[in-house]
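J.: Using only what follows, build the 3D model:
(chains A, B and C)
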Amino acid sequence: MQIRFESVKPIYVQIAEAIEDEIIAGGLKEGDQCYSQVIISRELNVNPATAAKGINILVSEGILLKQRGLAMVISKGARQRILEKRKVEGVESMAKDLVNEAKKLGLNKQSVIEILSKYY
Amino acid sequence: MGKGDNRMYDYVIKSEKLSKAYGNNIAINNLSVDINRGGIIGLIGRNGSGKTTFMKMCAGLLNKTEGELYVMGSDPQDNIAVAERLVYAHHNIDYDRNLRLADIVYSFKIMYSNFDEGFALKLLRYFELNPKSKYNSLSQGMMSVFNFICALASRAELTMLDEPVLGMDVAVRKSVYEVLLRDYTEHPRTIIISSHLLSEIEGVLSEILLINKGKLLLYEDIDEIREIAYRADGSKENLDKYGYNKEVIFYKSGSFDSFNIILGSLTEEMVNDAKKQNISLSKVRPEEICMYLTQDNKEAELKCLWEN
Amino acid sequence: MFMGELEITNTNKLTKVKMKIFKKYMLKALLITIFLIAVNLIISIGSILENREYVMPINMQNFANTMFFAGVLVSLFMTASYRSNNNLYSVFPQNNVSRFLSSQIINYSFIIFLAVASIVAYLIQYSIFSFFASTYDNVHLAYRFDLGYVLNGFIVFILYLSLAFSIISLGGVIFRKYRLYSFVAFMIMLFGVAYNDTLKAFMGQIISIIVKENSLILFYLKGTLAWLIIMVVSFAINKNTDYNRSEKQFSKYVIALILITGLVSLGVISQVSTTEYSSDTRVTREEFVRPDGQSDVEVDVSHLPPGSTINVKNINGENERYGDVHIVYDEISKAPDGKLIVTTSLPMHGINGINLIDYTNPHTSVALEDENLNIEYIYDKNVKVVIISPWLFMYQFDRYLGQGIFKEILGTSSQRGNGSIRVIAPENISINLINE
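T.: Numbering: from 1, shown residues only, chains lettered A, B, ... in the order given. Next up is the predicted model:
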């Protein structure tokens, strides 16, 4: 994965998303140990506190589980949860933007559905 | 931690209404800040904003005109106990012209009880510096690398690096940040880095301290800085309307490209509202936020240079 | 007490760091000194081996002199560039006290180096030329070796140089604390002493407390006490100076100005000191060792009839500058009846109170042949007098005066005087001096 330091998206968010991508892709399965804050810090050249922040987002969303004494672990159903979230945050917000843009251009609902059908 | 005074302290640097004036020139102006320990703090500011002055005062190299300053719990002025627990390095430290790199490393070993000579020599090799070469024969870039190495190997509780990467090329800078981070995770300490290149070091930082004209503008978590201001794009008229009741810190009104920089943090709601007014809102990169916050002119106006 | 344990440890560490650089400089200084000693030796040995007719002085370089003034110059320079020197170590933990003390330790190590270099230079010179003197008949040493003198001179050298260093350092410390005010005050003092006689006399009195002390022991006591007081005052003022007020250092021009001011002050001080010395009746020109000449030679001329004339052939005194003599008929004096008196006044070729002629074994021989008086004045040719006078400042002490150990006057002086052989005739005898 690659951190885009010039992006407006905070680095810790990028880290969280990168871990999520791994989970979706199957590289990290349920029950696996997630990368530790130190490893992320070293490999991505980011401050360990930032890495910790990224991990903590995932903990607060229930995607990672804090296990006593060990590193974070991928929780059960994490993959599902991520997909759900992406669907809502990602695809649905894209749809909102699409509809707004279409309205601006004067396209009606039918035209929008036609365009969508072309690409699906 | 080093020997000597091991008093615990709340803040690694604590200043209250700190001022430093040279005659009429006020370098540090009423600066109050409590800097947390243990992080990597970026000290950001324009040239002459007071970064070096502040660091030197914390290092005990400059006295204050007014106010209070505590470094690791004590007054740093003429204080060996504090000085032995901190290191202040910049890109062109002066050494006697007869000294070789190995001699300087040896001197650090004598003066700093935590200095790791083996580590320093390994770093010299890693960065392809010959310990037998004379310090004065180094290029600016290599001199910066060497001074960085000595500071890092000191493993000082408070490590202050003033523009440490000046003169280094991109590849070397990358290595330096990597080495810095890695040693920081192995041997935690408080590191303060002053730099111009915020975009480059942003990933390394945990906090940012922004100063301008000797005054503290902000001291925040690196991620909080993105919430300080946002950008509004649109036509000049719409922008004027939109920015009417908001704090606009910078505006550019061109025929093609117009935008405002407005103080405040961005929410989903605001974005949608603004869309309805034909204004598109977006986040601003930390480097640019710092730039806008420290700009003198609110308005971008280059025209005057070519007009009479 | 006045220093904490942390300060002491830090001073040690800082001194160690500064020593490393100091040693590099001392190595260079050592090489230069060896070179100078060698050059001086080679030139002098060359002179010894050179065949000259007349007596020749060989003045060996007094390295103590050179070392002393080099030391004072360096001290002035180091004090003037105190800030810029300290910048070379500013990255290391230190405080005002450890900074000051570590510099002082380096300074005094330098003094020891200079003293040891002076003594070694002297011993090298002395051994080599004493070898020559014992091997070659025509080589003489003007001064003899005295162990007590050499050792005491070593300590006196160190004490005087330490006093100089401490005064210069005190000046630096005062200037760093009071800056412009102290500079103005100093300039006023300098001009006052230079141009006002009362002030000059007053300054002279203060200086003579130490500089005119003729007992070695009292000198050591006074000198050490003065040095201690100056060091304590410097330490105290430095401790109370805010070093970190600003980072301004002296530019090269200011340092040069300070050096010049320092040298001018040195000039004024020496002038005041020498005035003290010249008013001292210890050493005057009249005390120049003037040989008694030789005993008069009496020639019995009782067998000659009254009214006789004795012929005396004059000596070709063309090189009287270098020691020849001519014969003079002293018509005014009268010898006792029946006796001719030939009295010799040796020429004077004097250097710093030594008459080189003494070393040439001059001898007047007189022989009467009928009516001719043959007078011959002979002396050793190609004599070399090696003058090695170690140390400085030793003429103020009684203990070593008048023993032929060292040059007992301030500065240098030379004296020339022609010699002559006077022939004094008794009543009724006249002398016919034949000149060529």
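J.: For my notes, confirm B:Asp273 occurs in a helix.
T.: Yes - counting by DSSP: H, G, I helix; E, B strand; the rest coil, B:Asp273 is found in a helix.
J.: Excluding residues flanking it in the chain, which one is nearest whatever residue of chain A ends up closest to chain B?
T.: Residue nearest to chain B within chain A: A:Val8 (3.9 Å; Cβ to the nearest Cβ). Placement of C-beta: from N, CA and C, glycine included. Distances taken as Cβ to Cβ, 6 or more residues apart in numbering or on different chains place B:Lys283 nearest to A:Val8, at 3.9 Å, with adjacent residues excluded.
J.: So what would you say the end-to-end distance of stretch C:397-404 is?
T.: By Cα to Cα, to the nearest Å, the extent of stretch C:397-404 from end to end equals 14 Å.
J.: hang on, isn't the residue nearest to A:Val8 packed against B:Ile228?
T.: No - using Cβ atoms under 8 Å, B:Lys283 makes no contact with B:Ile228, being 10.3 Å away.
J.: Give me the more crowded residue out of these two.
T.: B:Ile228 (21 against 18; other Cβ atoms under 10 Å in any protein chain shown).
J.: if I read this right, the more buried one contacts B:Ile289, doesn't it?
T.: Yes - when contacts are counted by Cβ under 8 Å, B:Ile228 is listed as touching B:Ile289 (5.6 Å).
J.: State which one residue of the stretch 151-300 of chain B is found closest to chain A.
T.: Closest point on the stretch 151-300 of chain B to chain A, by Cβ to the nearest Cβ, is B:Lys283, at 3.9 Å.
J.: quick one, what contacts that residue?
T.: A:8, B:226, B:230-231, B:266 (Cβ atoms under 8 Å, 6 or more residues apart in numbering or on different chains).
J.: which of these has the most neighbours?
T.: B:Tyr230 (23 neighbours).
J.: what's near enough to touch that residue?
T.: Listed by Cβ under 8 Å, 6+ apart, the contact partners of B:Tyr230 are B:261-262, B:264-266, B:281-284.
J.: Now that we have those residues, which of them are buried?
T.: When those are checked for burial by 16 or more other Cβ atoms under 10 Å in any protein chain shown, the buried set is B:261-262, B:266, B:281, B:283-284.
J.: ok and the residue in chain B nearest chain C?
T.: For chain B, Cβ to the nearest Cβ, closest residue to chain C: B:Ala83, 3.4 Å.
J.: pLDDT score assigned to residue 112?
T.: Using chain A. Here the pLDDT value assigned to A:Val112 is 89.
J.: I was after chain B.
T.: The per-residue pLDDT reported for B:Tyr112 equals 97.
J.: Would you mind listing what in chain B touches chain A?
T.: B:39-40, B:174, B:177-178, B:181-182, B:184-185, B:199-200, B:202-206, B:222-223, B:226, B:275, B:282-285 (Cβ under 8 Å from any Cβ of the partner chain).
J.: check contacts around the residue of chain A found nearest chain C.
T.: At 26.0 Å from chain C, A:Asn47 is the closest residue in chain A, using Cβ to the nearest Cβ. For A:Asn47, the contact set (Cβ under 8 Å, 6+ apart) comprises A:41, B:39-40, B:181, B:203-206, B:222.
J.: Equivalent analysis for C:Ser169, please.
T.: The contact partners of C:Ser169, taken as Cβ under 8 Å, 6+ apart, are C:75, C:79, C:104, C:107, C:230, C:234.
J.: which ones are touching the fifth one?
T.: With contacts defined as Cβ under 8 Å, 6+ apart, the neighbours of C:Ile230 are C:163, C:166-167, C:169-170.
J.: Relative to B:Ala89, how far out is it?
T.: Look at C:Ile230 and B:Ala89: by Cβ to Cβ, to the nearest Å, they are 37 Å apart.
J.: What of the last one?
T.: When Cβ to Cβ is applied, the distance between C:Ser234 and B:Ala89 equals 32 Å.
J.: All set, thanks.
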